[in-house]
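**Student:** Sequence and predicted structure below; questions after.
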Amino acid sequence: MRGTERPRAIAAAAVSGLALAATLTGASVWPTAAVADDGIRTKTVTCESLWVNDSAGVTHARLRNCTVTWGKDIIDGTYWQTVKFQLLDSRTDGVCAKALVILSPNGTSAASSECNGVWTTKTANFSGRATNIFIRIAYGSNSTYGNISTNVPPPAGF
């Protein structure tokens with residue numbers, strides 16, 4: 001062997017030895033493919049429970065298990081929000097619980113109601129970038145009774 005062939009032979013033997021050891025242990029000595037980043041980022045935050053009482057202190061509408069998922073795609077620059085909660089008409093007296101979710105600043109909204117005294121899951125989906133989400137609950141045919149609301153600002157980075 002010439003002087004330059006010896007280091008190559010040692011290197012080849014070392015690689016073969018590593019490959020054999022990896023085969024015996026089930027490990028891989030070769031680099032694996034990187035996982036592609038789809039650019040989707042989400043953050044889910046909770047919002048407070050709400051309830052509306054009448055002047056006598058009787059609860060008519062309840063909202064619980066409220067979450068807002070803020071989403072964005074860092075590749076194409078799109079934003080979206082998903083609001084989920086459970087709504088209950090606490091008194092099945094023909095006056096329904098109402099919820100209104102409002103996206104700020106553009107005012108897009110989604111309304112829902114519950115009239116049967118059963119916790120019901122409601123979902124509102126929005127697209128576009130929001131600075132706040134307002135969630136209001138009330139009861140009655142024109143939703144003027146109560147109007148208790150909460151404000152959910154976006155988490156940092158959204």
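**Tutor:** Everything's here; your move.
**Student:** how about the nearest residue to A130, chain neighbours excluded?
**Tutor:** L103 (5.0 Å; Cβ to Cβ, 6 or more residues apart in numbering). The way it works is simple: take the backbone N, C-alpha and C, and place the C-beta from them, glycine included.
**Student:** now T123
**Tutor:** K84 (5.0 Å).
**Student:** what's the answer for A61, then?
**Tutor:** According to Cβ to Cβ, 6+ apart, the nearest residue to A61 is A97 (3.5 Å).
**Student:** what number of residues lie near the one you found?
**Tutor:** 29 (other Cβ atoms under 10 Å).
**Student:** what's the answer for D38, then?
**Tutor:** For D38, using other Cβ under 10 Å, the count is 9.
**Student:** for it, what are its contacts?
**Tutor:** I75 (Cβ atoms under 8 Å, 6 or more residues apart in numbering).
**Student:** which SS class is it?
**Tutor:** coil (DSSP: H, G, I helix; E, B strand; the rest coil).
**Student:** partners of the most centrally placed residue in the chain in the sheet?
**Tutor:** Nearest residue to the geometric centre of the chain (Cα atoms, centre = their mean): T69, 2.7 Å. Beta-bridge partners for T69, by DSSP bridges, are T44, T82.
**Student:** one step back: the strand or helix carrying the residue nearest to A130: which residues count as buried?
**Tutor:** Using DSSP states H and E, L103 sits in strand 97-104. Within strand 97-104, the residues that count as buried by 16 or more other Cβ atoms under 10 Å are 97-103.
**Student:** Between these, which sits nearest D37?
**Tutor:** L103 (27.5 Å; Cβ to Cβ).
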